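In: below is the structure, and that's it, no one-letter string:
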DNA sequence: ACTCCTATGTAACTTTTGTTACCGTCATAC
DNA sequence: GTATGACGGTAACAAAAGTTACATAGGAGT
């Protein structure tokens, strides 16, 4: 088990200083989750900060009616800015976090966060970079939702998804896509059909294949 | 001049520890700005972190076409989360910041930020709280834009504005309101008219008076 | 094969929002 | 006073997105 952590942690050798790496290895916990598992729901309080070692996580916003909207993905080597801030303030989560695929997490207990912020410059830097990146991503989401038409958002979403999974074949139903964009299935079917006619993609049952024209 | 700072800084006596207050007093700079002045444009790099001592600031997002969208207000005693993170990372700003009214700022040089984060727990707490609050506000903006219809957003905007200025009489043209909501003047006029008919408000030239029915 | 459930395609319609155009009003400068 | 420009009201229309309803197709299980 300890070997496993030190193995995984190698990815962070260029990011964190040796002392910090040792502490991480000593104190953190390895965790495997299944694709689709929800790790964090709005209102929940977080007891450990997750670093993503392997896989991809999805962070989304749920409104009062339970409608979901994708905010961003957290990938290998990254962490979740919201979780950092919520943790440090012992505040309930305002987002939902779930695994996109089978993933591996490194869970760091909350109580060391404060100390590490003062003690390890690389940790502080990592935290602040994560926060800045997320601010930027969320602002991009706002731009999308506020200024872009749904067809653009759909194309952008499909490209992101393809990038996240590393494949041009996307395994999603129209309903699932609609949910993540916060819209309606019929609308998505309509737009997808238009994109297919324009030779931007191919439609199959539960699958969308992006073509190079995208 | 130094008296002025120590006067203003009294507001923070319960927030910051004495040593920090002294440092702030010694190192920071008082700054007066006019309502409407733009302090920060997207792409600019920030050299000092502003604490708002008096007045209100507006933080907004500008898209490629130059269209603006209000994100949130920064009020007395508060600071801007984006600025913190951009400063600490020496990153260009991704937002626009402007004074809503004549305001007073306390400008803290960037270079002490890092040190203070480690040295003063109250400073770290203040920074993290600011960031958390802004995340929450921005997510609310997303909810608004993504899920709410324009009439709801308009009502919400007017209420916020009224709260920010402390008056039920709002001094704005329909065009200005449209700009801040990222929409079109005619649409705003239409919705405002409907609200007036519903006895939610009264319309004057360059002014909107909110009624208790709001 | 038959059943059942889910996914997709599509039509018809409504609602919401955006656009263009035009007009009257108000404030200010001259 | 009159001219000018900003502001607000409104009509008419267009575009985008959401809604309802129904048909068809695919796949899993029996």
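Out: Received, thanks. Everything numeric here is computed off the predicted structure, so don't read it as measured data.
In: worst-scoring helix or strand of chain A, pLDDT-wise?
Out: For chain A, counting by mean pLDDT, DSSP states H and E, helix A:2-9 ranks last in confidence among helices and strands (a mean of 75).
In: residues in contact with the very next helix or strand once past that one?
Out: Downstream of helix A:2-9, the next assigned helix or strand under DSSP states H and E is helix A:18-27. Outside of helix A:18-27, the residues that reach it under the criterion CB atoms under 8 Å, 6 or more residues apart in numbering or on different chains are A:2, A:5-6, A:9, A:12-13, A:16, A:106, A:108-109, A:112, A:116, A:119-120, A:122-123. To be clear about C-beta, it is placed using only N, CA and C from the backbone, and glycine gets the same treatment.
In: and the buried ones among those residues, selectable in ChimeraX?
Out: Buried members of these can be picked out in ChimeraX with the line below, counting by 16 or more other CB atoms under 10 Å in any protein chain shown:
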select /A:5,9,12,16,106,108,112,116,120,122,123
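In: residues touching the nearest residue to residue A:101 once chain neighbours are set aside, list them.
Out: Residue nearest to residue A:101 in three dimensions, not counting chain neighbours: residue A:35, with 4.2 Å by CB to CB, 6 or more residues apart in numbering or on different chains. Applying CB under 8 Å, 6+ apart to residue A:35 gives the contacts A:55, A:99-103.
In: sec struct for residue A:35, please.
Out: When the structure is split into helix, strand and coil by DSSP: H, G, I helix; E, B strand; the rest coil, residue A:35 lands in coil.
In: per-residue confidence, it, what does it come out as?
Out: Per-residue confidence for residue A:35 comes out at a pLDDT of 87.
In: same thing with residue A:107?
Out: Here, the pLDDT recorded for residue A:107 equals 94.
In: so it: helix, strand or coil?
Out: Reducing the assignment at residue A:107 to three states with three-state DSSP gives strand.
In: all strands of chain A, in order?
Out: Assignment of strands within chain A using DSSP state E yields the ranges A:29-33, A:38-40, A:48-54, A:57-62, A:68-74, A:96-99, A:103-109, A:169-170, A:201-204, A:207-210.
In: ok, which of these comes nearest DNA strand D?
Out: Checking those against DNA strand D by CB to the nearest atom of the strand gives strand A:201-204 as the closest, at 8.0 Å.
In: show me what the closest one is packed up against.
Out: For strand A:201-204, the contact count by 3 or more CB pairs under 8 Å, 6 or more residues apart in numbering or on different chains; DSSP states H and E identifies helix A:185-197, strand A:207-210 as packing neighbours.
In: out of those, which is closest to residue A:178?
Out: Of all the helices and strands packed on strand A:201-204, helix A:185-197 sits nearest to residue A:178, with 4.4 Å by CB to CB.
In: if we can go back for a sec, Serialize the helices and strands packed on strand A:201-204 to TSV and add fields for mean neighbour count and distance to residue B:168.
Out: Formatted as TSV, the helices and strands packed on strand A:201-204 follow (neighbours: other CB atoms under 10 Å in any protein chain shown; distance: least, CB to CB, whole Å):
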stretch	mean neighbour count	distance to residue B:168
helix A:185-197	16	39
strand A:207-210	17	51
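In: nearest to chain B, of the ones you listed?
Out: With CB to the nearest CB as the criterion, chain B lies closest to helix A:185-197 of those, at 14.2 Å.
In: is the closest one positioned near chain B?
Out: No. With CB under 8 Å from any CB of the partner chain as the criterion, chain B is not reached by helix A:185-197; the gap is at least 14.2 Å.
In: for that helix, what is the distance to the chain centroid?
Out: Helix A:185-197 has its C-alpha centroid displaced from the chain centroid by 26 Å (CA atoms, centre = their mean, to the nearest Å).
In: what does it contact?
Out: With CB under 8 Å, 6+ apart as the test, helix A:185-197 has contacts from A:150-151, A:154-155, A:174-175, A:177-178, A:181, A:201-203, A:208.
In: and residue A:99, what does it touch?
Out: A:33-39, A:55-58.
In: switch to 6 Å and redo it
Out: By CB atoms under 6 Å, 6 or more residues apart in numbering or on different chains, the contact set of residue A:99 is A:33, A:35, A:37, A:57.
In: most neighbours, which of the residues you listed?
Out: Among the contacts of residue A:99, the one with the most neighbours (other CB atoms under 10 Å in any protein chain shown) is residue A:57, at 24 neighbours.
In: enumerate the residues of chain A near DNA strand D.
Out: Of all the residues in chain A, those in contact range of DNA strand D (CB under 7 Å from any atom of the strand) are A:149-151, A:182-184, A:186-187, A:205.
In: hmm, try it at 10 Å
Out: Proximity of chain A to DNA strand D is assessed by CB under 10 Å from any atom of the strand, with A:67, A:145, A:148-154, A:178, A:181-191, A:204-207 identified as the residues in range.
In: please list only the buried members of the contacts of helix A:185-197.
Out: Among the contacts of helix A:185-197, those classed as buried by 16+ other CB under 10 Å are A:150, A:154-155, A:174, A:177-178, A:181, A:201, A:208.
In: out of the residues you listed, who's nearest residue B:76?
Out: For the buried ones among the contacts of helix A:185-197, the residue nearest residue B:76 by CB to CB is residue A:181; the value is 38.4 Å.
In: look up how far residue A:155 lies from that closest one.
Out: The gap separating residue A:181 from residue A:155 is 11 Å, by CB to CB, to the nearest Å.
In: please apply the same query to residue A:112.
Out: Distance check for residue A:112 against residue A:155: by CB to CB, it reads 42 Å.
In: what does residue A:185 give?
Out: Distance, residue A:185 to residue A:155, using CB to CB: 18 Å.
In: now residue A:57, nearest residue through space, not along the chain?
Out: Once its chain neighbours are removed from consideration, residue A:57 has its nearest residue in residue A:74; the separation is 4.3 Å (CB to CB, 6+ apart).
In: residues contacting that neighbour?
Out: With contact set as CB under 6 Å, 6+ apart, residue A:74 has these partners: A:52, A:57, A:80.
In: now do residue A:87
Out: Listed by CB under 6 Å, 6+ apart, the contact partners of residue A:87 are A:46, A:49, A:110, A:113.
In: the longest helix in chain A is where?
Out: helix A:121-147 (DSSP state H).
In: just to revisit the earlier point, any of the contacts of residue A:35 buried? List them.
Out: Burial by neighbour count, judged by 16+ other CB under 10 Å, picks out A:55, A:99-100, A:103 from the contacts of residue A:35.
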